[in-house]
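Asks: Give me a model of this one.
(chains A and B)
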Amino acid sequence: MTKYVIKRLLLALLTTFIVLSLTYILISCLKTEKAFLPSQGQIYAYYMDQVNRGFLVVRQYEDPSLGSLLDTVTLPLNGRDVTYYFYQTPVMVRYRNWLSGILTRWDWGVSQAFEIGRSNVDILMSRLPTTIGINIISVIVSVPIGIGLGVICALKKGSVFDNVMQVVIMAFISIPSFVLISYLIAIAYNTGSLPPYWPQATDPTSKKVLAYVVPVIALASGSLFGYARFVRAELCEVLESDYLLLARTKGLTKRQAIIRHAFRNSMVPVLPSIVSEFIAILGGSMILENLYQIPGVGQLYMAAFNSKDYSLLMTDMAFYTIIGMLSGIVVDLSYGFIDPRIRMGAKK
Amino acid sequence: MDLLILELEWGQRNSMDNFLIHDGTGKQVSINEKDFDFVQNDAKIHDLKLKSKPTTYFKDSLKRFFKSKSSVVGGVIVGALLLFAFIVPLCTPEEGVYNTANGAGGTPAETFLPPKLFPSGTGFWDGTLKRNDILFDNETKTPVSYTEGTYFDLKTYDKIVDNVSSQYGEGGFVNVFCSSHNLDANFYSLPIDFYTNLDYSLEISLDSVEKSGYEFVGYKLSLYDGTNKYYLIGSESEFSKEEHVTINNVFEELKAENYSFGENLNARLYFEVSKSNNLIGFMPLKSVEIKSNSDDTEYNNVLSLISFKDGNSVMLRENTSIGYWTGDFGKVANNVKLTYCSFTYDKYEDVYGKRQIELGSREILVYEINGSLQVNFATTGLNATSDKEVLKERFKILNDDCPIVEVVEQVGNATYNSVTGRYSNFTLKVIVYNYRMLGYKSMPFFVFGTNKTGQDYFKLLFTGLRFSFFLAIGVSIVNIAIGLIWGSISGYFGGWTDILMERFCDIISGLPLTVIITLCILYGQEYNWGSGSSDVIALMLALFMTGWMGVAHQTRTQFYRFKGREYVLASRTLGAKDSRLIFKHILPNAAGTIITGSVLIIPGVIYTEASIAYLGLGLKNKTLFGVLLSQANAYYQGENSFLLFIPTFIMMLLLISFNLFGNGLRDAFNPQLKGSE
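Replies: Numbers count the residues shown, from 1 in each chain, chains lettered A, B, ... in the order given. Down below sits the predicted model:
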């Protein structure tokens, strides 16, 4: 078991490394934009920082051997103007410096355009609390309701309630998230009781609290109905199993049999997806954040994309890749922890 | 078989070799020797032909599929949408012009026309809009800025409104109020001459209204000569709210007090409203009417211009008119009666219906040439006229190609040009059908309305859907092809090949789809793939990179399932090569399941393209269904929200039906998987 866990983790680490390296190299090949800052001095300071990090080279003369010129900065020095020529270092050199920065200093670079000079990790971390806040609430809302709904449907299988719920579940699973979000925003606009977009920092607290309603419903309904369907399917299967019949014949009441035997066993495949949801909390929903104008990680991705801030975009991509990878591993491993019958890494 | 106890009773033997025996229950059964003959003695036994019709795997699956009602319904809806997507763009003619600017004579543009399927007035899907609280013009008996004929179900109601003065309102009073607690307010007319030898009568009436926050303390009325002298006429302490005041008395008093002015005094009528200490001091001035006993009508006219009967009208007076009243502090019209109305507005009628325009002789020439209008000046002369009979004789409308319904007036005399043989130099006031002016053959209607650029939304949506379907089907074919080959190799050979291929898949699937699409779009934009449609190509590339993995995984599973089967072994013993085994034996068995499982790639592609457009990563201004969907998210409220609700509804319908259809297909072709994801 331990061996398998270590093997999986190492494999995931290797995959992440390859994926991020590929992404970095691909993104580095794109044309870098010039820094846009109000004064030459600030631009100079920013470029010199990049030079120190090993992403740029500075010359005091034009040097065609270094490839195409990125930018020039003219500054007065001892009463006379000096022009500095900045060139990008080769892609692989940049890659090496980027990698060593991460491994030695946990330095993911600084923003190129979005908030020039600010550390990418800093920007990401400042956005994280909003995203996590919304997602935690939605998980807290969706998991109990979803499981409860699934259990009720399974116990009343074939009833009118179950049939209606089946249709509702089918509809909600099929509706794309952006349609649901659009409808919710339309409702917010037309009723006027809910804020139709994320409030400003200066808005009153009541508005800030109400602003959670739309994103939480949008996020929760997707996973809620997913859980309901999953739990229903699993529980229905378990309820028809022989060991439940045995439990009943041994004298357990229906209630005891369902709670102690059926429910527990039906949770085995469901729990891992709940666990993975807790990791996905970090990522949030890019579409929701963009449509509802939530200043979270997902919106940062689009902001970085639109301002052509490749450094920040790379960090955000890495963030999403790592989250995806992590949740994959956690799901796989949690199967083994939850269900002792599944032996990890066993040969078929 | 139950044990049969034979109890042969030889003594009771019957005549025809029959024996009576007792079975287990004690019943008597008679048997004879024939019962012990062999049934198939010496008979040749052959395989019998099956009586039931033979069925194939495909037919059997289809039978299972049709048993599931919801899947069939889903399939029918998907089919219908597909059909629509391919037929609608071809069948909807590209007629008319997309008139996106407001035309002359206030012609509304063809933009944002509401959906219309049934004739207007039916109340549902009829291209009409409900209008509430629109100001009503009591003179023309139409709602303000709406033309006759474009509305029906008109209901009018009066409202008393504060702080408004409108040309459509009437009544009310001028609320002259103080701006602060320590300042009086004033309200005065422009200066006019008052003659001391005339008798004046002045009627002032104040509204008895009480306003919360305001207090009526009192006022003074004077004549103010513009220098510094106020000639007091009276004040609230002297006369009540409604009083007949004589100015001549003032003159007498003033003379007695030795005020020096000549025969006339050039002065303003000047109200001073007293301040209130706690609340805001105000005066609800309803009317001022000043008259004189002069014979000079011009002078009396000036006086009547100064007078006013209601608050609304005096507030509307321009500062260039003689009757202009003004003041230094707050003054608004209150309690003004306005007529509002609610009605059903037929926007189609407004845009395409009848309207009166002017056409020059050259513009008419077009219709004369195409044979829809006959111009004949021979019998009636050339003169300008508005005589209907004469105009009918001169301008005969022959068929519907001519937009003119009726000629109202000919302006200017026509002159005959002997070179061209035509008449010119006149203009006609005509009533036309605007849709014919725009080039439509009949009154157009748009099932899904029109969008902000005036395009037929029905056609646009299905054109987008068609493109999306093409894209999705293209992507599906490529992905299924790659996936099948990759999965076959990986699954068939197993071992190290499989491990390496699986690791490769792991790495690619480690990249979130958003990241891959972002990278592709960035590269597409940098190197400008496909000149202008780089985003579409980038999207396709991104989907090619990742989409095949699902199919490959399925194929691999199927290969693991089938490669150990006896028929494969049999074929191999007969010397079949790997490629033959893969493509001739295993793949055909696995393909049905895999391909039916891939139906869901199509809605997946539409979903992805919509997501990208929604995020703003790219694909702007492409006629893809998802992109159109994302463009609609500006219309959350108001009467244009149909632009949001129609495409989202179609998207929902499409995805739900595709899911039902896809799941039904999968369950039918692969019954073991029933109920799973």
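Asks: In this structure A:Gly41 contacts A:Leu75, no?
Replies: Yes - using CB atoms under 8 Å, A:Gly41 makes contact with A:Leu75 at a distance of 6.8 Å. Just so you know, the C-beta spots here come from the backbone N, C-alpha and C atoms, and that holds for glycine as well.
Asks: pLDDT value on B:Glu238, please?
Replies: Per-residue pLDDT puts B:Glu238 at 52.
Asks: which strands and helices sit next to the longest strand seen in chain B?
Replies: Ranked by residue count and defined by DSSP state E, the top strand of chain B is strand B:280-292. Applying 3 or more CB pairs under 8 Å, 6 or more residues apart in numbering or on different chains; DSSP states H and E, one finds that strand B:280-292 contacts strand B:173-177, strand B:185-189, strand B:200-206, strand B:214-215, strand B:264-273, helix B:297-306.
Asks: So which bits of the stretch 101-250 of chain A are right by chain B?
Replies: A:170-171, A:173-176, A:178-179, A:182-183, A:185-186, A:189-190, A:196, A:233 (CB under 8 Å from any CB of the partner chain).
Asks: Try it again at 10 Å.
Replies: Proximity of the stretch 101-250 of chain A to chain B is confined to A:166-167, A:170-192, A:196, A:226, A:229-230, A:232-234, A:236-237 under the rule CB under 10 Å from any CB of the partner chain.
Asks: Let's test this: name the helix or strand in the chain with the lowest mean pLDDT.
Replies: I went with chain A, as the question did not name one. helix A:270-280 (a mean of 80; mean pLDDT, DSSP states H and E).
Asks: The chain in question should be chain B.
Replies: Lowest by mean pLDDT, DSSP H and E among the helices and strands of chain B is strand B:242-246, with a mean of 62.
Asks: Of the helices and strands packed on strand B:280-292, flag the one that's most buried.
Replies: The highest average neighbour count among those, using mean count of other CB atoms under 10 Å in any protein chain shown, belongs to strand B:173-177 at a mean of 26.
Asks: Surely B:Gly381 touches B:Ala414?
Replies: Yes - between B:Gly381 and B:Ala414 there is a contact at 8.9 Å, judged by CB atoms under 10 Å.
Asks: which one of the two has more residues nearby?
Replies: For B:Gly381 versus B:Ala414, neighbours defined as other CB atoms under 10 Å in any protein chain shown are more numerous around B:Ala414 (19 against 11).
Asks: if I pick the more buried one, what's in contact with it?
Replies: With contact taken as CB atoms under 10 Å, 6 or more residues apart in numbering or on different chains, B:Ala414 is in contact with B:361, B:375, B:377, B:381-384, B:394, B:422-426.
Asks: what do you get for B:Met283?
Replies: B:173-178, B:185, B:187, B:204, B:206-207, B:214, B:216-219, B:236, B:241, B:271-274, B:331.
Asks: For the residue nearest to the spatial centre of chain A, give its distance to B:Phe649.
Replies: Most central in chain A under CA atoms, centre = their mean is A:Gly283, positioned 1.7 Å from the mean C-alpha point. Separation of A:Gly283 from B:Phe649 (CB to CB, to the nearest Å): 29 Å.
Asks: again, but for A:Leu13
Replies: 46 Å.
Asks: Kindly report the same for B:Trp125.
Replies: B:Trp125 sits 13 Å away from B:Phe649, taking CB to CB as the criterion.
Asks: where does B:Ile21 land in three-state SS?
Replies: Of the three states, B:Ile21 takes strand under DSSP: H, G, I helix; E, B strand; the rest coil.
Asks: What is the burial count for it?
Replies: Around B:Ile21 there are 17 residues (other CB under 10 Å).
Asks: Run through the bridge partners of it.
Replies: Beta-bridge partners recorded for B:Ile21 (DSSP bridges): B:Val29.
Asks: Select from the contacts of B:Ala414 every entry located in helices.
Replies: B:Ser361, B:Arg394 (DSSP state H).
Asks: export the contacts of B:Ala414 to CSV and tack on pLDDT and distance to chain A?
Replies: Shown next, in CSV, are the contacts of B:Ala414 (pLDDT from 0 to 100; distance: CB to the nearest CB, whole Å):
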residue, pLDDT, distance to chain A
B:Ser361, 83, 53
B:Val375, 84, 55
B:Phe377, 82, 60
B:Gly381, 80, 63
B:Leu382, 82, 61
B:Asn383, 83, 60
B:Ala384, 84, 55
B:Arg394, 85, 56
B:Arg422, 81, 58
B:Tyr423, 82, 58
B:Ser424, 82, 56
B:Asn425, 83, 57
B:Phe426, 86, 54
